[in-house]
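# structure here, sequence nowhere to be found:
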């Protein structure tokens with residue numbers, strides 16, 4: 001049996017750092033940050049977050065846990081993603 005199984009890989013995963021006020025970047029392209037997380041949602045008009053960037057608000061609550069950048073890479077505008 002190979003040691004390269006899903007159970008083996010999950011068991012040996014290293015946890016990411018806890019959310020802090022300064023957002024942690026999960027994925028970034030040449031255009032800007034596409035996925036990030038933290039306890040403080042980026043302030044509107046902050047540069048560096050690509051259009052469509054997903055921000056996971058780690059201490060958010062009901063309807064405030066997931067945000068998307070609907071602004072530009074030069075001036076972000078993060079809005080909560082809600083399900084109707």
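Received, thanks. Remember, predicted model here, so these are calculated numbers, not experimental data.
# and the gap between the nearest residue to residue 46 once chain neighbours are set aside and residue 63?
Once flanking residues are discounted, residue 46 sits nearest to residue 76: 5.1 Å by CB to CB, 6 or more residues apart in numbering. All C-beta atoms are positioned from the backbone trio N, CA, C, and that covers glycine. Distance of residue 76 to residue 63, given as CB to CB, to the nearest Å: 19 Å.
# where does pLDDT dip in this structure?
Applying pLDDT under 70 to the chain picks out residues 1-4, 17, 19.
# for it, which segments are assigned as helices?
The residue ranges that make up the helices of the chain, judged by DSSP state H, are 6-11.
# need the longest strand for the chain.
For the chain, the strand with the greatest residue count under DSSP state E is strand 49-57.
# now that strand, how far from the centre of its chain.
Computed by CA atoms, centre = their mean, to the nearest Å, the chain-centroid distance of strand 49-57 equals 6 Å.
# fine by me, we can end here.
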